[in-house]
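> structure, please.
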Amino acid sequence: MRSRKNYLTFNQKKKRITPKLIREIFSWLSITIAAVFIAGALVFFFGMQVMVIGDSMEPLLSNGQKVLVDRALAKIISPKTGDVVVFLPNGNTNSHYYVKRIVAKAGDTVQIIDGALYINDEAADEDDDYFDKMEDAGIASNPIKLKSGEYFVLGDNRNSSEDSRSANIGIVSDSMIVGKAWFKFAHEEAHFGPILNNY
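I've put the predicted structure just below:
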């Protein structure tokens, strides 16, 4: 009987606010704030979402499909041939984001001859079943020598793409590139998968 009374008295004791409890509370608050800050930084650098406009990247990407853009690594490691990049033509912030594939980089000479892509006077090693013969060479009907920090980009759907062949877009420079397309979301956004960055 006495032990039962002591048990109840023990449970009914009020907890006191001690310096140790205050330190624990501040510790948890600090961890929570740090976690929110890190998550925000990751979203800012790695989690930018861009919506694909048009069918220029079909069948890889469709109109209205969202892609996750890696903005940090693209600034550290220069994009390479075959990478799918997101850019603003001529750095125009009023434009929508363009999503295209790099087919040539600095030092390369680009030309389109009879609908085929030529890099440094040799036919590009491309899958003819995947890329259509180009009906319009645009500004690449003549050889274009790419300077440092310059890229020539094309849409995968070559005959339905406004890209480096168009005079109003032209050569894409490092300063125009927002980042590298990293992951693509399914239209229902239930699943996502990596983007094929090399052909």
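> can you report how many residues neighbour Ala72?
Applying other Cβ atoms under 10 Å, we find 15 residues neighbouring Ala72. Placement of C-beta: from N, CA and C, glycine included.
> what's the distance between it and Ile25?
Per Cβ to Cβ, to the nearest Å, Ala72 is found 34 Å from Ile25.
> sec struct for the most centrally placed residue in the chain, please.
Compute the mean C-alpha point of the chain, and by Cα atoms, centre = their mean the closest residue is Val69, 1.9 Å away. Under DSSP: H, G, I helix; E, B strand; the rest coil, the three-state class of Val69 is strand.
> and Phe26, by the same measure?
Phe26 ends up helix, using three-state DSSP.
> ok, the closest residue to Met51 other than its chain neighbours to Val86 distance?
Nearest residue to Met51, sequence neighbours excluded (Cβ to Cβ, 6 or more residues apart in numbering): Lys66, at 5.4 Å. Using Cβ to Cβ, Lys66 is found at 11 Å from Val86.
> shared neighbours of these two, anything?
Counting by Cβ atoms under 8 Å, 6 or more residues apart in numbering, the shared contacts of Lys66 and Val86 are Val50.
> who's more crowded, those two?
Val86 (24 against 17).
> and the pLDDT for the more buried one?
The score at Val86 is 95. That number is its pLDDT.
> that one reaches Ala181, doesn't it?
Yes: with contacts counted by Cβ atoms under 8 Å, Val86 reaches Ala181, the gap being 5.7 Å.
> shared neighbours of the two, which are they?
With Cβ under 8 Å, 6+ apart as the test, Val86 and Ala181 both reach 50, 67, 69, 99.
> which residues does the host helix or strand of the last one contact?
Val99 is located in strand 98-104, with elements delineated by DSSP states H and E. Residues from elsewhere that reach strand 98-104, judged by Cβ under 8 Å, 6+ apart: 50, 52-53, 56-57, 61, 67, 79-89, 110, 117, 119, 124, 146, 151-156, 161-164, 169, 172, 181, 199.
> let's see that strand as CSV, backbone CA atoms only.
Output of strand 98-104 as CSV, limited to C-alpha atoms (Å, rounded to 0.1, in the frame of the first residue of the first chain):
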residue,chain,number,x,y,z
TYR,A,98,15.3,26.5,-73.7
VAL,A,99,16.2,22.8,-73.3
LYS,A,100,18.6,21.5,-75.9
ARG,A,101,21.5,19.1,-76.5
ILE,A,102,25.1,20.2,-76.9
VAL,A,103,26.4,18.8,-80.2
ALA,A,104,29.7,20.8,-80.4
